[in-house]
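Asker: can't give you the sequence, but here's the structure:
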């Protein structure tokens, strides 16, 4: 009788062990499909887990004692599954206890944590349609804060900088954004350069204005542009800059330097980036515009009173740029739009136009990919 009971207990124990081992999660610690069932882990201690059966979700939790980042990595993942990580806080007073910091990030994955506390990590297959009985090692590490300006991921957290500042930043984790703000005293340009950039990162910058009472709050002056970059600043005020990786898909814990400069206005005809701001051109008069920054557009207007033939000549322009012009006229059925009169022509450029008609000329670099802070001579003959 005792022998029979022993075998019964042994079989029951083996069956239970098989059941636990066959399910997902840290071996022997299911269920952990809910945040309230999260398994407590120590930072940097590797553990084995499975995603089995399909739609299996495994929650874990770790304690951190200061600002930094949580990073989840895995090795020897079974070929038929694609694990993702989500990072969250736990709110016991809400029906939905999960307050997500980041969701559904392919491994390796990272998320910023800005204070001491307990943080939760959810691991699941990307589409919940795959499973594997094979376990694989996974680890949750803590990465020390390397960017002294964090948190500054939104305009409301923008850190103040000034002319000639060199700031040291990091793009970490992926999709990280770094917002800054600076005041300028007059019309001109904010120019940005970078050095020591990690190979993984291609930094871009956006220039904007911010008004907490406006909708939308952020007004973009110049959208994402690879560094080095610059932006025309139309007047005295406070302006915002945001830095990120070009495709938001790379990250690096290594910092790099960004230098910010204010450049006083070099082109007395600015602002003339819109045809409604076009400045008057007179035949025979030499002007000195600049094509700065990249993609700069300079509109001018003119009327021919005699001689239908006209020629536009550029001289002493920087070797970095190739001045090119195009002629427009106001649309007859819509005075708020222009219609083409000519195709693009590199300077010197000749046209035959009508007399006593209002025309608009657009001057730019031929491929819009070059710029120069130097002015050059430009004349309508």
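Answerer: That came through fine. None of the values given here were measured: they were computed from a predicted structure. Residues are numbered from 1 along each chain as shown.
Asker: What is the burial count for residue 315?
Answerer: Summarising burial for residue 315: neighbours were counted as other C-beta atoms under 10 Å, giving 12. C-beta here means a position set from N, CA and C on the backbone, and glycine is covered the same way.
Asker: for residue 319, same thing?
Answerer: 7.
Asker: just residue 114 next, same as before
Answerer: Residue 114, neighbours per other C-beta under 10 Å, totals 14.
Asker: For this structure, which residues score under the pLDDT cut-off?
Answerer: Where the chain drops to pLDDT under 70, the residues are 1-29.
Asker: That one: helices as residue ranges?
Answerer: 2-22 (DSSP state H).
Asker: Centre of the chain to stretch 36-49, how far?
Answerer: 32 Å (C-alpha atoms, centre = their mean, to the nearest Å).
Asker: and the end-to-end length of it?
Answerer: 18 Å (C-alpha to C-alpha, to the nearest Å).
Asker: do the same with stretch 288-301
Answerer: 16 Å.
Asker: List the buried residues of that stretch.
Answerer: By neighbour count with 16 or more other C-beta atoms under 10 Å, stretch 288-301 contains the buried residues 289, 290, 291, 292, 293, 294, 295, 296, 298, 299, 300, 301.
Asker: what do you get for stretch 334-349?
Answerer: In stretch 334-349, counting by 16+ other C-beta under 10 Å, buried: 338, 341, 342, 347, 349.
Asker: contacting residues around stretch 204-218?
Answerer: 155-156, 158, 181, 190, 192, 219-227, 229, 231, 237-246 (C-beta atoms under 8 Å, 6 or more residues apart in numbering).
Asker: mind listing which of those residues are in strands?
Answerer: Among those, DSSP state E puts 181, 190, 192, 219-226, 229, 231, 237-245 in strands.
Asker: and the buried residues of stretch 288-301, which two are the farthest apart?
Answerer: Greatest spatial distance in the buried residues of stretch 288-301: 294 and 301, 24.2 Å, computed using C-beta to C-beta.
Asker: Correct me if wrong: residue 133 contacts residue 54.
Answerer: No - if you go by C-beta atoms under 8 Å, residue 133 and residue 54 don't touch, sitting 11.8 Å apart.
Asker: ok, the most centrally placed residue in the chain to residue 214 distance?
Answerer: With distances taken as C-alpha atoms, centre = their mean, residue 244 lies nearest the centre of the chain, 3.9 Å away. Applying C-beta to C-beta, to the nearest Å, the value for residue 244 to residue 214 is 23 Å.
Asker: residues in contact with residue 108?
Answerer: 71, 72, 73, 74.
Asker: and if you look at residue 258?
Answerer: Contacts of residue 258 by C-beta under 8 Å, 6+ apart are 166, 167, 168, 169, 192, 193, 194, 203, 227, 243.
Asker: repeat that for 10 Å
Answerer: 161, 165-169, 178, 180, 192-197, 203, 205, 227, 241, 243 (C-beta atoms under 10 Å, 6 or more residues apart in numbering).
Asker: Pull out the buried residues from the contacts of residue 108.
Answerer: Judged by 16+ other C-beta under 10 Å, buried ones among these: 71, 72, 74.
Asker: sorry, back to before: could the buried residues of stretch 288-301 go into CSV alongside distance to residue 318?
Answerer: Below are the buried residues of stretch 288-301 laid out as CSV (distance: C-beta to C-beta, whole Å):
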residue, distance to residue 318
289, 12
290, 9
291, 8
292, 10
293, 13
294, 13
295, 16
296, 13
298, 15
299, 21
300, 20
301, 25
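Asker: so which of these comes closest to residue 151?
Answerer: Among the buried residues of stretch 288-301, and counting by C-beta to C-beta, the member closest to residue 151 is residue 293, at 29.4 Å.
Asker: Bridged to the closest residue to that closest one other than its chain neighbours, which residues?
Answerer: Among residues not flanking residue 293 along the chain, residue 230 sits closest, at 3.6 Å (C-beta to C-beta, 6 or more residues apart in numbering). Beta-bridge partners recorded for residue 230 (DSSP bridges): residue 191.
Asker: Number of residues surrounding residue 230?
Answerer: By other C-beta under 10 Å, neighbour count at residue 230 equals 24.
Asker: So the closest residue to residue 309 other than its chain neighbours versus residue 249, what's the distance?
Answerer: Among residues not flanking residue 309 along the chain, residue 352 sits closest, at 5.3 Å (C-beta to C-beta, 6+ apart). Going from residue 352 to residue 249 by C-beta to C-beta gives 51 Å.
Asker: Start and end of stretch 346-366, how far apart?
Answerer: Terminal-residue distance, stretch 346-366 (C-alpha to C-alpha): 7 Å.
Asker: starting at the chain centroid, how far to that stretch?
Answerer: With C-alpha atoms, centre = their mean, you get 38 Å for stretch 346-366.
Asker: Give me the buried positions along that stretch.
Answerer: Within stretch 346-366, judged by 16+ other C-beta under 10 Å, the buried ones are 347, 349, 351, 353, 359, 360, 361, 362, 363, 364, 365.
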